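Visitor: Prediction below, plus the sequence it came from.
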Amino acid sequence: MSVRVRFAPSPTGGLHLGGVRTVLYNYLFARHHGGEFILRIEDTDQSRFVPGAEEYIFRCLKWCGLEPDESPLHGGDYGPYRQSERKEQYRQYAEKLVADGFAYYAFDTPEELEQMREHYKTESNPAPQYDHSIRKKMRNSLTLTRDEVIALLEKNTPHVIRIRMPENELVSFQDMIRGTVEFQTSLVDDKVLLKADGMPTYHLAVVVDDYLMKITHAFRGEEWLPSAPVHVLLWKYLFGLDQMPQWAHLPLILGPGGKLSKRDGAKYGFPVYAMNWTDLKTNELTEGFYERGFLPEAFVNLLALLGWNDGTEKELYTMDELIASFDIERVHKGGAKFDFEKAKWFNQEWIKLKQPSELRDVVYARLLAADLKVTDQALLETVIGLVKDRCALLSDFVQQAGFFFKAPVVLDTAAVLPKWTEAKAVFFEACMQRLKELQSWDHAAIEETFKNLAADHQLKPGDLQLPMRIMLVGGKFGPAVFQIAEIIGKAATLERMEYALRQLRDQASA
RNA sequence: GCCGCGUUGGUCAAGGGGUUAAGACGCCUCCCUUUCACGGAGGAAUCACGGGUUCGAAUCCCGUACGUGGUACCA
């Protein structure tokens, strides 16, 4: 049987780091085994529907290079791939469970449920569950007579269908990451399977759809572990345990203080979503890795290694390498704290790995967005080659490459002013003259001219290079200074020197 | 509260009875570089705690602590 896995998000907002990692592990597993990766939209909660969220998910997956084989967009033989469009199929399964005695109708109103919780709440049990003991005291098809139930149903009385959890059974299953996991059924409540609006809850939908879509391996976040016994039982009742996919519950990704939230991102200044997401109601923007300046290769790479490794010292992987070495059973049990510093390191490594030509388009876009117009693409590649080892994020290119295309306006004169002397001013005036006369404008010739003149003036070249750098760059960074001069050209070099000299003169006398 | 899951340096982590307890990020020192990076050489954990089992435990078992998730007609 060929491997089929699925990622099943609900379109309620931004796509989280943990979500992307779940996609990634699904994707890697599918590719590793030559299987299919399916995307199913779990939009059964109409009250939480957010317009644009589904499109957003597709954009994120595309950027990450994790596109599904089957989805609402890509089609496939097991559609529709949105649960809202499959609504009609769920009821029959719920009814079958009722008929077989594994589920029941419950007519309790939200108010009655609230009363029940209030009534049975004690200090030692602050959150009473609708379970085997409570259900005997509620209005459902277990407590009402058959005629009463029929009458209520005929009158279209709002009702839900709940699973009837067995009283004293041990439910266990094999988790691919955690091994045997066991639950005592008495401690699990009678989860709603079909809501009053006719929509299934996650519990019913996930089982029915995984069955109908022939899912062989089901990976999801650890937060689902407590409801796993419900799902296992549903599989047993509906389709047989031998049909059930193999489960793997992925560890959580944690923030500095606990579960990673978009709050953490805002608080500590790092992105939490794959791409920018703006909440339409609050207008709140949550930053994405894409916008922050991450390469998708780096993003995927760092996520893969957050909770998994192949046992070797290798840390930098291409997607193909990940596919080749990924093994779900080597995924950790414990949650991993996300470290933005390490994330940046991955990005930096990936920028170093890339050829300038591969970086050209994204860097061009960044510069353009920063109001730096680049007309010479070949020049841009040269510049990228010179500065990329200094960039951890794509956004760093604005500073590291920007001065090649636009003269600095604000200069870090504070870096030279303390040691600025009239002798240096005289030197630079002379230097400008010499450079103006220079025949071949290449860095070696410029450097030679510069150093010879320094000797003539009995100044140390080293003491002059920093001022020269500030003149051309504006700050204490960037590649070799004569290299910069060569690239920006004679005219720009002289202009920048003159501009800077004027500022230094003014500021030194002030 | 109850239930589940987890716990190797600040972080990611290898190692699963006998090792000097890998490696990476970050941090610090030095070298290279008279900028900033890159690169190179070094420095800093006894494995949450307490009991067992064993000749021997980070590795197995049991408790405790801590963390984290669930406890909705949300997923």
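Guide: Received it, and whenever you're ready, just let me know what you need.
Visitor: With adjacent residues omitted, what lies nearest to A:Gly255?
Guide: A:Asp264 (3.5 Å; C-beta to C-beta, 6 or more residues apart in numbering). No exception for glycine: its C-beta is placed from N, CA and C like everyone else's.
Visitor: Residue of chain A nearest RNA strand B, please.
Guide: A:Gly462 (1.8 Å; C-beta to the nearest atom of the strand).
Visitor: count of neighbours near that residue?
Guide: 9 (other C-beta atoms under 10 Å).
Visitor: try A:Leu144
Guide: Neighbours of A:Leu144 (other C-beta under 10 Å): 17.
Visitor: That one belongs to a strand?
Guide: No: according to DSSP: H, G, I helix; E, B strand; the rest coil, A:Leu144 belongs to no strand; its state is coil.
Visitor: dump the residue contacts of it.
Guide: A:Phe107, A:Leu152 (C-beta atoms under 8 Å, 6 or more residues apart in numbering).
Visitor: So for it, what pLDDT did the model give?
Guide: pLDDT recorded at A:Leu144 is 96.
Visitor: now swap in the one 5 residues further on and tell me
Guide: pLDDT for A:Val149: 96.
Visitor: Tell me the first helix or strand C-terminal of the helix or strand where A:Ala298 lies.
Guide: A:Ala298 is part of helix A:296-304 when elements are defined by DSSP states H and E. Proceeding N to C from helix A:296-304, the next assigned helix or strand is helix A:319-325, under DSSP H and E.
Visitor: partners of the helix or strand that that following helix is followed by in the sheet?
Guide: Scanning forward in sequence from helix A:319-325 by DSSP H and E, the next helix or strand is strand A:336-337. In the sheet, strand A:336-337 lines up against strand A:253-254 (parallel) (DSSP bridges).
Visitor: I'd like the next helix or strand past the partner strand.
Guide: Counting by DSSP H and E, the element after strand A:253-254 in chain order, helix or strand, is helix A:262-268.
Visitor: hmm, back to that, and the residue of chain A closest to RNA strand B, how far from A:Arg469?
Guide: The gap separating A:Gly462 from A:Arg469 is 12 Å, by C-beta to C-beta, to the nearest Å.
Visitor: Now do the domain split for chain A, please.
Guide: For chain A, the structural domains run A:4-81+A:252-340, A:84-250, A:354-394, A:413-509, going by automatic domain parsing.
Visitor: A:Leu459 touches A:Ala423, doesn't it?
Guide: Yes: at 6.5 Å, A:Leu459 and A:Ala423 qualify as touching, with contact defined as C-beta atoms under 8 Å.
Visitor: Neighbours of A:Trp350, how many?
Guide: Residues near A:Trp350, counting by other C-beta under 10 Å: 21.
Visitor: check contacts around it.
Guide: Residues in contact with A:Trp350, defined by C-beta under 8 Å, 6+ apart, are A:Leu295, A:Glu297, A:Ala298, A:Asn301, A:Leu316.
Visitor: repeat that for 10 Å
Guide: A:Phe294, A:Leu295, A:Pro296, A:Glu297, A:Ala298, A:Phe299, A:Val300, A:Asn301, A:Leu302, A:Leu316, A:Thr318, A:Leu359 (C-beta atoms under 10 Å, 6 or more residues apart in numbering).
Visitor: Also A:Ala266?
Guide: A:Val272, A:Glu284, A:Leu285, A:Thr286, A:Glu287.
Visitor: In strands, which of those appear?
Guide: Those of the contacts of A:Ala266 mapping onto strands are A:Leu285, A:Thr286, per DSSP state E.
Visitor: Quick one, which of the contacts of A:Ala266 are buried?
Guide: Listed as buried from the contacts of A:Ala266 are A:Val272, A:Thr286, A:Glu287; burial here means 16 or more other C-beta atoms under 10 Å.
Visitor: What backbone torsions are found at the nearest residue to A:Val160 once chain neighbours are set aside?
Guide: In this structure, A:Val160 finds its nearest non-sequential neighbour in A:Val192, 4.7 Å apart by C-beta to C-beta, 6+ apart. For A:Val192, the backbone dihedrals (degrees, to the nearest 10) come out as phi -70, psi 130.
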